[in-house]
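Peer 1: 3D model of this:
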Amino acid sequence: MALTDDIKQQIQQSYRDVLAGKGVRARYGQRLMIAEIAKYMGEITENDGQRTSPPAACVVEAGTGTGKTLAYLIAAIPVARALGKTLVISTATVALQDQIVLKDLPDLKKHSKMNFSWTLAKGRGRYLCMSRLESRLHDEGNGDSDTMPLFLLDSPGTEEPGTRAFFEEMLASYGSRKWDGDRDHWPEQIPDDVWRQVTTDHRQCTNRHCSYFDSCAFFDARKDLDEVDIVVANHDLVLADLALGGGAILPEPENALFIFDEAHHLPDKALNHFAASVPLNSTRQWLKQLSQALAKMQPYLAPATQAAKSIDRISTASRDVDLVLARVYEEAEHNTGWEFNEERRSAQWRYPEGELPEALAELASESRIATANLVRHLGVLADELQGAFDERKKHEIDRDTAEAWYPVIGAFHSRSEDQLRLWTAWTEQVSGRTSTSDSEQGTTEDESRAKARINRSPPPARWSVRQRWDHAEDITLFSSPVLADNLLYSRLWSRAYGAVLTSATLTALGRFDRLQSRAGLPEASRFLVVPSSFRYGEMATVEVPAMACLPTDDGFADELIKRLPGVWAGETATLVLFTSRRQMHQVRDALAPEYPDLIITQDDMSRGEVLRQHRTRIDEGRASVLFGVASFAEGIDLPGKYLHHVVITRLPFSVPDDPIEASLAEWVSQRGGNPFMEITVPGASIKLVQAVGRLLRTEEDTGRVTILDRRIVARRYGQLLLDALPPFRRIIER
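Peer 2: As a prediction, this is how the structure comes out:
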């Protein structure tokens, strides 16, 4: 469906209407982005509704000031509606999600003549579960009750952080509709350990069988999902849906046009999503909790029933898992070359090339078999309990027992499945990972391309971490893909009707290669860097002062302490970025006494409060210096007078002990590459561009960036990093 004149006219007219309605002028970069996205979407199909082009994504890097949200909405909405596809907009943060739903979409509808509907999609874990809240209050009112064991699942031995009054207020607010049950809409931040007590997941939820189904916050929020034109989600929810096969939570990929905003986060989010871990001692404690739960449940089940037999089988399987975990722990403890970092009280060991020692590999195989057995029997019991909700059939379990115990067994089942993922990952063959059955399947072009991708991918990263506390110790086993390319290609790009990726930082050293390889983007994808409307050379400078030490020298922290007051002298609003929390605190502790009420670090209070205090100081005419680490180098917005100076203390190279990056570097080296130039420098370039991107937020902003790491001019790779920055006027001391 090449773009029809009617759709082109809709897009152009909507853009004119929005500009007139808001009283703003057209931006060249924004127009370019609208045209690129509309053209890409128009070329997906030749016969409406079926994708006839090969898999391809449209990748647009658009810097601050482009107005990219408006650009992709104006381009995509008319095309998606004409094709009958759902537009799924995915962001990396809740803040941007809320901005699109509460500000950008209503704004567009108000000023354009486009008619469209939208809804917000979040995971079940962001919503209140009334059944769990009711059980929570029931438990507290009946201290001796053992019939509602939902909180057996919470961490043992911890004090209850949520008071009864708090949960009663929650119930009253939801009941009166003052609150919609969305965690993000509660007036204050709810701590994770409190929230876990009143939410649920798909394994614990009884769906339509729940007595609160008609007033369920999660299902209320989902009612419009199949009817609306636009679904606003986040990367984690999209990945969770893909892990369930696609179409379980969101529209099926084949019927969706995806827009990934903040798309540079997608590969790392995918890695996190498909990683797996098992803490050995904690899992053995969890198995004890399972035994306690089974003992409490047994009296409610008639002897010789299927459910009662399942309890016996689960008990046996649980003991088998416990025995093999004890042997895994002993093997890992005694036959690993642990080197403790006393400050962190931990040690890490990575298995080179993902190859496990023979003894550990055999134990991993035993653990997989034992855990799979436990998963199977827990699944049978969960199905038995769920069957009791069907009122059309006579069942061995009464409904009250099923309602009380289904969430408990569902949670144990879910946790055991998570453990099985680690053992499955640890027992997969590292080399020659394409199985015979795969190679015997059809040889279509898509399959051949998929096999080629697998064969040139690195083996998984496998590692262990040993931690010590005052009265306990544990060893956690980890596995993760090293690149998300195959996962994203097979589950998303090859299936999606269409996909647009956009962000202010998608290139590394001026190229899209890094994103393309890490995200597994199809070969037919198209790429565009939208020129910025900022006049960088007039608006800001990048300065590299003379320094006596490099960051690799022992005296660097002392030099920072000596030089920083001179660097920020005369400025009202400064952001100083560190790559190490320890160094940030060291410098703060040395300087704060001399500069009272000047320095705030991001660890002093919540992020929002830190920024609020900073703005208040500026508004009162006082100077303010913010100290931050990586999370303050991206995503904070301090326009105009609130930020005039960004100080980079050290180039943001990755931590060398990251096991995933180390595994990738190992693989690149084996293929004859240079990991530092292929991985480390491009990664640092992206982070550096994001960091300096804090400075200019609007076309009226001015300021300067100071880089205190002389490697940017003293090393050969430094010129690459410098040239990848926006074209600020440069002042380099020799």
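Peer 1: burial measure for Val705, as a count.
Peer 2: By other C-beta atoms under 10 Å, the residues close to Val705 number 24. C-beta here means a position set from N, CA and C on the backbone, and glycine is covered the same way.
Peer 1: Pro545 is in contact with that one, correct?
Peer 2: No - applying C-beta atoms under 8 Å, one finds Val705 not in contact with Pro545, separated by 11.7 Å.
Peer 1: CA atoms of the helix or strand containing Val529 as PDB?
Peer 2: Under the criterion of DSSP states H and E, Val529 resides in strand 526-530. Output in PDB follows, covering the C-alpha atoms of strand 526-530 (Å, rounded to 0.1, in the frame of the first residue of the first chain):
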ATOM      1  CA  ARG A 526      16.500   1.900   6.800                       C
ATOM      2  CA  PHE A 527      18.400   4.400   8.900                       C
ATOM      3  CA  LEU A 528      18.200   8.100   9.300                       C
ATOM      4  CA  VAL A 529      20.000  10.700  11.500                       C
ATOM      5  CA  VAL A 530      17.700  13.800  11.700                       C
END
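Peer 1: in that strand, which residues are buried?
Peer 2: Phe527, Leu528, Val529, Val530 (16 or more other C-beta atoms under 10 Å).
Peer 1: then stretch 216-233?
Peer 2: Result for stretch 216-233 [16+ other C-beta under 10 Å]: buried residues 216-219, 221-222, 225, 228-233.
Peer 1: what's the most distant pair in the residues you listed?
Peer 2: Using C-beta to C-beta, the buried residues of stretch 216-233 reach their maximum pairwise distance at Cys216 and Asp229, which is 24.3 Å.
Peer 1: now Asp589: how far from Gln670?
Peer 2: To Gln670, Asp589 is 44 Å away according to C-beta to C-beta, to the nearest Å.
Peer 1: for His334, same thing?
Peer 2: 30 Å.
Peer 1: what comes into contact with stretch 558-573?
Peer 2: Stretch 558-573 is contacted from outside by 545, 547-549, 574, 576, 583, 587, 590-591, 594-595, 614, 618, 622-625, 638, 641-645, 647, 649, 706, 708, using C-beta atoms under 8 Å, 6 or more residues apart in numbering.
Peer 1: picking that back up, show me what the strand holding Val529 is packed against.
Peer 2: Packing partners of strand 526-530 (3 or more C-beta pairs under 8 Å, 6 or more residues apart in numbering; DSSP states H and E): helix 28-42, strand 57-62.
Peer 1: list the buried ones in whatever helix or strand comes next after that strand?
Peer 2: Tracing the chain past strand 526-530, the next element assigned as helix or strand by DSSP H and E is helix 536-539. Using 16+ other C-beta under 10 Å as the test for burial, helix 536-539 gives Tyr536, Met539.
Peer 1: let me see the mean pLDDT of helix 536-539.
Peer 2: For helix 536-539, mean pLDDT is 95.
Peer 1: try stretch 412-432
Peer 2: Averaged across stretch 412-432, the pLDDT comes to 89.
Peer 1: which residues sit against that stretch?
Peer 2: By C-beta under 8 Å, 6+ apart, stretch 412-432 touches 153, 201, 203-204, 276-278, 283, 286, 290, 293, 353-356, 361, 364-365, 367-368, 371-372, 374-375, 378-379, 382, 459-460, 462, 477-479.
Peer 1: mind listing which of those residues are in strands?
Peer 2: Counting by DSSP state E, the part of these found in strands is Ala276, Ser277, Val278, Arg462, Leu477, Phe478, Ser479.
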